[in-house]
Structure formats: structure tokens, C-alpha cells
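A.B. asks: Provided below for reference: sequence and predicted model.
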2 protein chains.
Amino acid sequence: MGADAHNPGHMSPDAFRREGHRLIDWIADYWESLEERPVVGDTKPGDVLKALPTSAPESPGGEREWDDIVRDLDAVIAPNLTHWQSPRFFAYFPCNGSGPGVLGELVSAGLGVNGMLWSTSPAATELETRMLDWCADLHALPEAFKSTGAGGGVIQGTASEAAVCALVAARKRAGGDPRTLAVACSEQAHSSIAKAAMVAGLADGPEDATHIRLVRTGPEGAMDPVHLREQLRTIDGVRPAMVVGTLGTTSTGAFDRIDDIPRAIADAGLDRERVWVHIDAAWAGSAFVCPEHRGPMAGIEHADSVCINPHKWGLVTFDCDLFWVRDRRALTDALSITPEYLRNEATDAGAVIDYRDWQVPLGRRMRALKLWFVLRHYGAQGLRAHIRRGVELAAAFESWVRADERFEVPVDRSLGLVCFRLRAGDDASERLLRELNRRGRVLVSHTRVPVGEGRAETYLIRFAVGATLTERRHVVEAWDEIRAAADAVLG
Amino acid sequence: MGADAHNPGHMSPDAFRREGHRLIDWIADYWESLEERPVVGDTKPGDVLKALPTSAPESPGGEREWDDIVRDLDAVIAPNLTHWQSPRFFAYFPCNGSGPGVLGELVSAGLGVNGMLWSTSPAATELETRMLDWCADLHALPEAFKSTGAGGGVIQGTASEAAVCALVAARKRAGGDPRTLAVACSEQAHSSIAKAAMVAGLADGPEDATHIRLVRTGPEGAMDPVHLREQLRTIDGVRPAMVVGTLGTTSTGAFDRIDDIPRAIADAGLDRERVWVHIDAAWAGSAFVCPEHRGPMAGIEHADSVCINPHKWGLVTFDCDLFWVRDRRALTDALSITPEYLRNEATDAGAVIDYRDWQVPLGRRMRALKLWFVLRHYGAQGLRAHIRRGVELAAAFESWVRADERFEVPVDRSLGLVCFRLRAGDDASERLLRELNRRGRVLVSHTRVPVGEGRAETYLIRFAVGATLTERRHVVEAWDEIRAAADAVLG
């Protein structure tokens, strides 16, 4: 980095340009190679460790250094990855990057600024503020969540970190000892909610039912409003400080009904002002760019905070969680600390946003750049087209599964997510998943959830469409693979 | 990303290559331009917001998109940044990137894998494990912190996140309600320790002295052992769960004496097994690659956890905090959750590390790549050379300050950090800082700390050498600037 006669160890600008170009090409080649690569390799625990030296090199890499690095990327790293960017990756949720997203991450790394305070890089802060306002509009959030009012948004790394921040703000607002407070959420809520309750000191562990109030779900996968009200009661002096509504659960993509939440809070006799409502729309929220997918947002005006992860289905390279609050003071009151060495005139005058008060860490890189690049490259139209294509492909896939009598689709498709199984049962379905992943041509994941009116715990295979490179032919191929694997399993 | 007839919105491989090369060159040009740029611009609150459209574009960027983006980078972004990579950046601590670090971040973004579990990208996990073992050796940590024993390391984003994880593990081990537990640390410890105590539910706010036990520092800036013992006592049923020793405080780079900590714990009658000792060496830890700077590590074998941030002085582009624990079970016991949708054979068999259990978030990008690139490029020799040059330049600077009778250096230089002031007093020193930063040619920061035997609160200007591009002539220039600014202030 930079010419430096006194420090020959630094990479020269020429070398940086040369190797940078080479690695840009390497990435483009890698993406093109995904068409042919298996989605998962055949890695055994320890394989990669065995291929790496046991200690760091004493001397610099020398003349052929980058040849060696690229060789190792090809020989040691790439074959032992799960290829999340593969067009045949249908597991978990997509973690989809894009060219513009990667270039934004690159420029952010090159600038190497730390936007902990407005004053430590004004453009980093103000670009982020504007991007969150853009995204509030794009996703049809109420005006209250924009920086032009009392609210505003910030980029967190993940929805887990957003949940921790929401809960810390909720805890502050609720007052009292953390062990007297609880969080309520769907039994289908993401594990990060329970983890946030542990991190924030409310819960002892994930099974602590006094402090993590799991709400039973009804036939459509939404929190049951009667059980929600019940779970909001004060038990042994412990009262709810936060209710999480999930829009698009991890297992099946189900939607809680937000409107039920304030009603349940009132019915339970709780003070609405002391119960924080957090809406976790990490995956499905990206679909809100399309007017036709905004139905589940009904009641969003009741939320105190909302998060959406464009690094899942929104084409922004990981990590990028958008976290909005209605009352930014509630957040900064809970997280702000100003030691002397960070005091500055702009902050003291209250004229600026200091994002370190909106998050747990102090330091922060300029993640707004990649969001900016993606929004400029795709435009709102491009984002909507991406979502619509994912939904359309998933719908086609669902119709094929439903037409094959060996299979069933016990819960309705949610946007780009189809959950299905073999009618032959849980064991057969589990064997099918193993067989599929062993073949390595497509990757899917699984879950076990209560299903239908009876709410019997059921093994489901999850098929999530949304990877950037996925085209119709990959979904067709996946279905061919699934049928072939079913042949093998069912004999 | 990838050719896709059905989704023309995606960036084609050719466009990615072309614009990737352009942006690599843009970064190299930017670094070369830092020589001439002021370190801070003249940005007023709102300037950047005014230069950005108020809503996202409806249509894709079109043919000249990347021309427009680069023009905006040049016109809107770069002039309104604080240039942390500038060779004349001496504020806070360095946040130094490097060519290999940036290229590692690039490849990581391009691969776009999520290493939450071993099984979701084996190479991401095993490369990280090996890099942390390499770094344990490079920084002369005891064997206990390596993955080959009961310990091991993980990459966190920042030392703040490491502090939260350490405290959550400490809280679990200590047992009991978070409000019955406290953390003890130097009055000079980083603000992230108090913030961790707030996040983890121990403390009500940064001023909560029952749960955040600040220990007075002695003449050399280390925690006073007598006051430490006093602060470890049980007060109103609240007992310490964690003691933080800081190696290299943020204000002055002072070193706590680790050996004093277990002694104080024993003297206070506490059960050593229920008090976690965390060592925060975020900045100074990078100097431990040099044998001659390992003196302050005496007693490190008493630590339960240690963190070092190579993104400060270790040439790894932000973010990269190395966090080691002696007993990995203590960490994962406090942070582990396994929902059904993440269950897999490798994890169930206990054969692998799943790093999501070592951190707050679930998702994680492949940060080990940039560490690997940096270690291969520089080798241990290159890292040592970088540290030694920073120390040498800071020592030269210190000698110049001491030789000018208008100035004083009230605390000893610590490695690459020199704290100085005008003899004319706090007000004059504060005016000097403002004048310097107004001129914009160099950037320094400030602090207020108790100084000397009397421990009187004193305003100090902090001059931290360590940016990647800094050469001797930049330090010379900085001293010229400081003298000129002093002329202006003192008349």
C-alpha cells in the first residue's frame, strides 16, 4: 500500500494494481465456475487444517507470493467451501451477493475509514443515513422510521445484532432488573431472539421459559393471539419488555400478524409504553419492495423497531442488516457512552448522528457504500424484478412437487421458500435430504416444525430460491435431482 | 454477477471485471493521493446529505453508471472523509489497512460464504482456526490459548464485541443474577468495557459504580493494586464476575500489571474460578510480535481471555479482532443455541468448531482470508519491522517535543503513542489541537487523564504513529505543523 522506501514490506501500488486485477478476475472466474462445481465438497473435519502450514511464515512471501496464494485459493480453499453463491444453492436462506455489492465492499476496504463518529468520517455517516431513508421508502416503512423525524436507521452486521440492540433499548425503557424482564416471540422465531435474551442478561439459557416466552403458532404459522396474551402475563414478578413479531420465519417463512401484538399487550394489562415491539423481517422484508408482497406489513406502524437483511434476498453482499427505530433517543439512551477521547464539537452540539451510539461495537466500516452501489445499479425496478423472479421460480417448483404423488407440501409456500416432504414420512424425508446433499449437485436444508391443525412436529425439507445466479434451469435441475434421490430412497 | 439471460439486471462478468479493475486502480490512486490531501476536509453537518438524492433511483444505473459512481466517489465521498489511511493521520489509534488486507476482504466478499457452522463452509472455519493458532504463537501467547488444547481463538469484529463475549461467559461462570455481578477495570480502560457491562445487563449506565468498578491508576497508569483489591469487594450483594486488565490504554497506552490481578482476587477472598480475567490488548498487543515488547505480557498465563486487534496496528484491514479463550467450553456454554434448522452431523458428532457459538451474531463472513493474506505477505519479519518503525518514529517525535521548552511530555511514551501538551496549560493545549485540526494537514486527537504522582486531571494531545503509509518525513512534517500551530496559539 503506497510506495515507501523505508518499509519495503508494504505492497507497492503497482503490485496492488496487478494483483487486484488478478483477484477481480479470479472472482469472476469463480462465479462462472459455480455452474459446474458441486455446491458442497466432500470435506472431512481436519482436511483443510492438514493442508495448511502449522505456523506463520517467518519471511515475506517473496516474488511468487501471489501465484502461491492463488494456487492455494484454488487447491485448498475453494474445493472446501459450501458455495453460497452457487445457482444450485437452495439451503437456509440465500446469502446473495452481487457484483456491485462486492465492489462496494472493495471500495470500503480501500478507503479504510472508521465511521464510529460523524466527525471521524462525515461522508460515511451521512451516506448511511440517506441510504436507510431510501430503504425505508423502498420497503414502504412509515415515515416515523426515517431520520427526518424522531426515528432513523443504521446498518448492523446481522439481525442478531439488531435484536440485541432492540432488546437493550427495550430493557432500558422497561426499567428494572434484567431478570425481572422477558421477551416474547413465536416458537418459530429465529434463534437470535433467544440468544439476545441470553446476551442481555434476561435469560439463563435458551430453555429459560420464564424469560423467553415462546408463543404457540396456529395453522398458518402465526403466533396464536390467545397464547400470546397468555405469555405476556407477569409470572413470578417477570414481565415482558419486548415482543418480537417475525415476518417470514426461518423454518417455513410464516408471518406473525403484527396487529395482534398491541392488542395482546393491552389485553394483558401491560403499559404499551414499556413494551418494545420489534419486527424481524430479516429475510422476507426484502420482498416489501414489491407492493404485492406488503400484505404482512399491516400494523407495522405499531413497531418500535424493524430489521431487514438485504444480505439475504436483497443483493447486498454480506454483512448488511438494516435496523430502524421509531425513537432514536430510546436506542442511544441505552447504548451511548462518551469518553473524553471521543468528545468533539459536532457531537457536543447535537448536530450530527454518531452511529457508535446505535450499536454495540465502537468501530465500524463503511458498509453504506455497498448498499449505495447495489441501489444505483439495480434501481428499485431491478430489486423488484429479482424478488419477483425468485417467487415465480419457487411457485413453479411448488407446482411440480405438488404434482408428484410421492411428495407433499404441508405448509403453503412463502414467497421464495417451499417446504416439502415425502409422504413416506420423517425418516424417508431425512434420508432424502442426506442423499441429495451426498450427491452434492444441489444443496437444500431442513427443519422440524408443528404443522397443520394438529400441529404435529414434522420433518420438512426447505427449498429457498433467491441466490443471485439462480435461473429457471437450475430449479428444473434441482427438481430432477430431488426426484432421482427420491427414487434411490424409496427404492 | 454471472451471465443470466433472464435477469438482465445482474452485472455481467465482463462488466464486473472492467469495473473491478477500474476500482482497484481508483483505490491505488486514492492511496497515492493521500500524500497531498488534507487529513480532514471542511465538512459541515448536512453537506453530504445535500449532495445525495432524496430517494433511490427507480431505474437501473444504465450505461454510464460506473462513470457516475466514480465521479460521485471523487466529488461527494472522498472530500468528506477523514482519511484514516493518510500518512499524516496520528489521531486515536491507527486503523491501518494494507494492500494484502484489502485483497483479502475482496476475495472474501467475492466468495460470499457464511461460516456460521463448520458445515456451512469448512475452509472458512479451519482457516480461521489455523490463523488464530499462528497468531497465538506470533504474539507469544501461552499454548493454552491454542485450539490444540482446551482453548482457541476466533475473529470478532472489534474489541467491544470480544468484551461482550468475555463478559457473557464470565457471567455464566459466576452464576446468579446479572445485577448481582460487577466488572472491574482501570479508570483508563476502554469505554467498551462499560458498554459491555450495560449490554450484558450488569450495569444501568456508564456511571453505575456498583457494577462497573473503576480502579484508580498509579503514576505509571497501571491499576493501583490496593484500590483494585478494594474494588473487588462485595458491595450490597454485588460481586465481581470479571476483571479486565488493559495492556495499552486508549488514552496514554499505559499497561496494567496482570500479575496484580489474581493476587487481588485472592486477597479479596473471591473464588478465582468464578472471576474471569480478560486482557484487552487491542492496540498494544500487535507489538507482542517483537520479543523486546513482551514485558507487559508478564502474567498472561492468568488470563481467561485475551484480545488483540490487528486492524489497529497489525496491517489487517478493519474489521479484525483476535479473541482467544483458555477454555472454549466456557464460551460456547454461554453462547450456544442449536435450532433444528442448523443441526448437522459434523456438529452433532462434536468433531468440529462452529464459530457461531463463539460470538453474538449467527452469520459471519470469511475474515480469516485477509489475515492469511497479510501474514503471508509480510511474514513475521514484516510485522516486526512495521511495529519497530512505528516505535522508532514515535521515539524521535518524543525527543523533539521534549527538546522544545514550550512543550511537556507528562507521561512516558508508550510504544508508538506520545502524549504531550503545552506547558501553558489545558486551555492553550486545547486551542493548539483545534488550530492543528483546522489547518487539516495532520490529524491528532486528545484526552484528559490523571497525570503523575498528584493524578491531576490533565489535557493531553495524543500522537499515535502506526498508519501504514507513515514515513519519517510525515512525522517531521507533523512536528513542523505542531510548532507552527503553537506559534499561532501562543502568539
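C.D. replies: Okay, I see it.
A.B. asks: Find the nearest non-adjacent residue to the residue of chain A found nearest chain B, please.
C.D. replies: Nearest residue of chain A to chain B, counting by C-beta to the nearest C-beta: residue A:201, 2.4 Å away. Any C-beta I mention is one placed from the backbone N, CA and C, and that applies to glycine too. Nearest non-adjacent residue to residue A:201, counting by C-beta to C-beta, 6 or more residues apart in numbering or on different chains: residue B:201, 2.4 Å away.
A.B. asks: got it, and residue A:47?
C.D. replies: residue A:80 (6.4 Å).
A.B. asks: Repeat that for residue A:385.
C.D. replies: Using C-beta to C-beta, 6+ apart, the nearest residue to residue A:385 is residue B:9, at 5.6 Å.
A.B. asks: do residue A:458 as well
C.D. replies: That would be residue A:451: by C-beta to C-beta, 6+ apart, it lies 4.2 Å from residue A:458.
A.B. asks: Correct me if wrong: residue A:301 contacts residue A:144.
C.D. replies: Yes - counting by C-beta atoms under 8 Å, residue A:301 does reach residue A:144; the two are 7.3 Å apart.
A.B. asks: how long is stretch A:133-151 end to end?
C.D. replies: Taking C-alpha to C-alpha, to the nearest Å, stretch A:133-151 runs 10 Å from one end to the other.
A.B. asks: nope, stretch A:243-260 is what I meant
C.D. replies: 11 Å.
A.B. asks: how about it, does it reach chain B?
C.D. replies: Yes - judged by C-beta under 8 Å from any C-beta of the partner chain, stretch A:243-260 comes into contact with chain B at A:250, A:251.
A.B. asks: so what's residue A:403 scoring on pLDDT?
C.D. replies: Each residue has a pLDDT score; the one for residue A:403 is 98.
A.B. asks: Angles on the backbone of it, please.
C.D. replies: phi -80, psi -10 (degrees, to the nearest 10).
A.B. asks: how about it, what does it touch?
C.D. replies: Taking C-beta atoms under 8 Å, 6 or more residues apart in numbering or on different chains as the contact definition, residue A:403 lies against nothing.
A.B. asks: Nearest spatial neighbour of residue A:129, chain-adjacent residues omitted?
C.D. replies: Residue A:129 sits nearest to residue A:147 (C-beta to C-beta, 6+ apart), 5.0 Å away.
A.B. asks: Spell out the secondary structure type for that neighbour.
C.D. replies: coil (DSSP: H, G, I helix; E, B strand; the rest coil).
A.B. asks: Is it correct that it is in contact with residue A:133?
C.D. replies: Yes - with contact defined as C-beta under 8 Å, residue A:147 reaches residue A:133; the gap is 5.6 Å.
A.B. asks: Between these two, tell me which one has more neighbours.
C.D. replies: Using other C-beta atoms under 10 Å in any protein chain shown as the criterion, residue A:147 and residue A:133 rank with residue A:133 on top: 25 against 20.
A.B. asks: If I look at that one, what pLDDT would I see?
C.D. replies: 98.
A.B. asks: on that earlier part again, for my notes, confirm the residue nearest to residue A:201 occurs in a helix.
C.D. replies: No - per three-state DSSP, residue B:201 lies outside any helix segment and is coil.
A.B. asks: for chain A, what are the low-confidence residue spans?
C.D. replies: A:1-8 (pLDDT under 70).
A.B. asks: Swap in 80 and give it another go.
C.D. replies: Residues of chain A meeting the criterion pLDDT under 80: A:1-8, A:176, A:339-343, A:347-350, A:452.
A.B. asks: all strands of it, in order?
C.D. replies: A:152-156, A:181-186, A:212-215, A:239-246, A:276-280, A:305-308, A:321-325, A:407-408, A:417-422, A:445-451, A:456-464 (DSSP state E).
A.B. asks: Go through stretch A:229-236 and flag the buried ones.
C.D. replies: Neighbour counts over stretch A:229-236 (16 or more other C-beta atoms under 10 Å in any protein chain shown) mark A:229, A:230, A:231, A:232 as buried.
A.B. asks: Brilliant, that's me finished.
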